[in-house]
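> missing the sequence, but the structure's below:
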């Protein structure tokens, strides 16, 4: 179903209905006789059990590659066009599993990546350096064993731990085609010497480098899977899997990251989630504040403000007036003449002058159905136009 749809009525067993409700993707309300009304709740993704699969797609029926592009770019790790290898007309789980398998095969084709890992250990001989403070606190007056630290060249590094965890998680998704499941298991087998990440543990940090360049594409996909997908399997336990994301947050994060990159071409500094006071008060607890998605500063002073809204005014439940009230508050609090309201959707750029003020609100649509290069070009155009307004306003004021 589409994320803006009114839902469907279908037959479910109680366990599947409970899983849908717990997944955060949809709400399943009983109607009697085994029927449930299944409604989207503002998230997109897919959940799967051995008997049920529910897909909630982004408005405009954006494909998987576009969704993953938006997710990855927000983390400053933009996907190449070949990062999602599966065809768009296949279901999300098949596409994720096939893409992970292909990218992992490419990464591991020349063997398992090795790197240096810092090891703290108690030894009877010196290796690396002695940790003096630990030696004194743990073994006062003793010469051996020694508390030492050394670097070991090993496969047990962050990159391999992340990849192993993603392969394990996708291997537990019910309904993955047997041939793809076999490939995932073979790939995981190459990483059996790598430490397994506990469920729910934070992902270990890694940094792109010349050494791990062949791993970078699969690590981007692996991190997205581990952050957004869950899968469980076991004896006597129903196999379940869910991949759920909040498109409003995804869009906001993407616009912020892409706009920060585009505005780097102009003087000043773009700050995300900028806090500013809206009202004065004697008591700090009584102060009102605003927090626009992005503010560009010049010489430390705000000159333009931006806010990203995933739901355009034409979407069900979206309020154009409320968005403009919010933009007016931002401009007033920050003393800037123009606010840019970035919507997810197609259409024309529209300027609205607020009556009895010198404030303009510019509606700037961003069509997510376009190829990634065109989406980024549109953000670059947003940066160019908004900076042009800053220059124009400074000339008028001067």
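Now that the structure is in, tell me what you want to look at. Computed from a prediction, not measured in an experiment: that's the story for all the values here. Numbers count the residues shown, from 1 in each chain.
> Where does pLDDT dip in the protein?
Where the chain drops to pLDDT under 70, the residues are 61, 75-90, 123, 128, 150, 232-238, 281-286, 312-320, 396-398.
> Quick one: the helices in it, in order.
In chain order, the chain shows helices spanning 14-23, 64-74, 92-108, 132-138, 158-171, 178-189, 216-228, 247-263, 320-334, 372-397, with DSSP state H as the criterion.
> tell me what the shortest one is packed against?
Applying 3 or more C-beta pairs under 8 Å, 6 or more residues apart in numbering; DSSP states H and E, we find helix 132-138 packed against strand 146-154. All C-beta spots, glycine's among them, are computed from the backbone N, C-alpha and C.
> between the strand it packs on and helix 158-171, how big is the angle?
For strand 146-154 and helix 158-171, the angle between their directions (axes from the mean of the first three to the mean of the last three C-alpha atoms, to 10 degrees) works out to 60 degrees.
> follow-up on the earlier one: can you check which of the helices of the chain gets nearest to residue 308?
Distances from residue 308 to each of the helices of the chain were compared using C-beta to C-beta; the minimum, 4.0 Å, belongs to helix 247-263.
> Would you mark the buried spots in the closest one?
Using 16 or more other C-beta atoms under 10 Å as the test for burial, helix 247-263 gives 247-248, 250-263.
> Any idea which of the helices of the chain gets closest to residue 295?
helix 320-334 (6.6 Å).
> now that closest one, how far from the centre of its chain.
Computed by C-alpha atoms, centre = their mean, to the nearest Å, the chain-centroid distance of helix 320-334 equals 27 Å.
> thinking again about what came up before, can you add distance to residue 278 and give the helices of the chain back as CSV?
Formatted as CSV, these follow (distance: least, C-beta to C-beta, whole Å):
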stretch, distance to residue 278
helix 14-23, 37
helix 64-74, 27
helix 92-108, 41
helix 132-138, 49
helix 158-171, 42
helix 178-189, 52
helix 216-228, 33
helix 247-263, 20
helix 320-334, 5
helix 372-397, 22
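> Tell me the one of the buried residues of helix 247-263 nearest residue 322?
Distance to residue 322 across the buried residues of helix 247-263 (C-beta to C-beta) is lowest for residue 248, with 14.4 Å.
> Got phi/psi on the residue in the chain sticking out farthest from the centre?
Within the chain, the residue lying farthest from the chain centre (C-alpha atoms, centre = their mean) is residue 141, at 51.7 Å. Residue 141 has phi and psi values of phi 80, psi 0 when expressed as degrees, to the nearest 10.
> The one 4 residues further on now?
Comment: the main-chain dihedrals of residue 145 come out as phi -70, psi 160, following degrees, to the nearest 10.
> Which strand residues bridge the closest residue to it other than its chain neighbours?
When the adjacent residues along the chain are set aside, residue 145 lies closest to residue 122, with 4.4 Å between them (C-beta to C-beta, 6 or more residues apart in numbering). For residue 122, the beta-bridge partners under DSSP bridges are residue 147.
> So residue 122 is in contact with residue 149, correct?
No. With contact defined as C-beta atoms under 8 Å, residue 122 and residue 149 do not form a contacting pair (11.0 Å).
> which parts of stretch 385-398 are buried?
Of the residues in stretch 385-398, those scored as buried under the neighbour-count criterion (16+ other C-beta under 10 Å) are 386, 387, 389, 390, 393.
> just stretch 259-276 next, same as before
When burial is assessed from 16+ other C-beta under 10 Å, stretch 259-276 yields the following buried residues: 259, 260, 261, 262, 263, 266, 268, 270, 272, 274, 276.
> Same question for stretch 60-67.
Taking 16+ other C-beta under 10 Å as the basis for neighbour counts, the residues of stretch 60-67 that come out buried are 60, 62, 63, 64, 65, 66, 67.
> so how far is residue 368 from residue 251?
Separation of residue 251 from residue 368 (C-beta to C-beta, to the nearest Å) stands at 8 Å.
> Overlap of the contact sets of those two?
Shared between the contact lists of residue 251 and residue 368 (criterion: C-beta atoms under 8 Å, 6 or more residues apart in numbering) are residues 70, 344.
> Burial check on residue 33, number of neighbours?
Summarising burial for residue 33: neighbours were counted as other C-beta atoms under 10 Å, giving 6.
> Now it: phi and psi?
Per degrees, to the nearest 10, the residue geometry at residue 33, taken as phi and psi, is phi 60, psi 30.
> That one and residue 20, how far apart?
Computed as C-beta to C-beta, the residue 33 to residue 20 distance reads 18 Å.
> Repeat that for residue 353.
For residue 353, the distance to residue 20 under the criterion C-beta to C-beta works out to 47 Å.
> Residue 146 reaches residue 126, doesn't it?
Yes. Taking C-beta under 8 Å as the definition, residue 146 is a contact partner of residue 126 at 6.2 Å.
> Give me the more crowded residue out of those two.
Relative neighbour count places residue 146 above the other of residue 146 and residue 126, with 19 against 10, counting by other C-beta under 10 Å.
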